[in-house]
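Enquirer: Sharing a model that was predicted from the sequence below.
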Amino acid sequence: MKIKHVLAHHRLLTSLLALAFMLGVLNFAPVATAERICDGGCISWNERYGCVVYQVCCVEDNGSYECWQF
């Protein structure tokens, strides 16, 4: 009964402590990162067929990149 009384009496302090705890947990939670980021676009175009060569390049987490042409 006394714990309920203390928690009710110090509601703001309890809320601030709970908020600080949750922010601390979020600070140490692992963050999912994308393994690769890719983008592409047309690199060769003609009037008759439109895009004739399309290139896609991807950057890995370690900074390396690769490109493919279709």
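Expert: Received, thanks.
Enquirer: Sketch out the low-pLDDT regions of the chain for me.
Expert: 1, 3-10, 14, 25-26, 28-34 (pLDDT under 70).
Enquirer: try 80
Expert: 1-35 (pLDDT under 80).
Enquirer: Please enumerate the helices of it.
Expert: 2-9, 11-28 (DSSP state H).
Enquirer: With just CA atoms, put the longest one into CSV.
Expert: As requested, C-alpha coordinates have been extracted for helix 11-28 and formatted as CSV (Å, rounded to 0.1, in the frame of the first residue of the first chain):
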residue,chain,number,x,y,z
ARG,A,11,3.8,10.7,-10.4
LEU,A,12,5.8,13.3,-12.4
LEU,A,13,9.1,12.0,-11.1
THR,A,14,8.1,8.4,-11.9
SER,A,15,7.0,9.4,-15.4
LEU,A,16,10.3,11.1,-16.0
LEU,A,17,12.3,8.1,-14.8
ALA,A,18,10.3,5.8,-17.0
LEU,A,19,10.9,8.2,-20.0
ALA,A,20,14.6,8.3,-19.2
PHE,A,21,14.7,4.5,-19.0
MET,A,22,13.0,4.1,-22.4
LEU,A,23,15.2,6.6,-24.1
GLY,A,24,18.2,4.7,-22.7
VAL,A,25,16.9,1.4,-24.0
LEU,A,26,16.4,3.0,-27.4
ASN,A,27,19.9,4.3,-27.4
PHE,A,28,21.4,0.8,-27.1
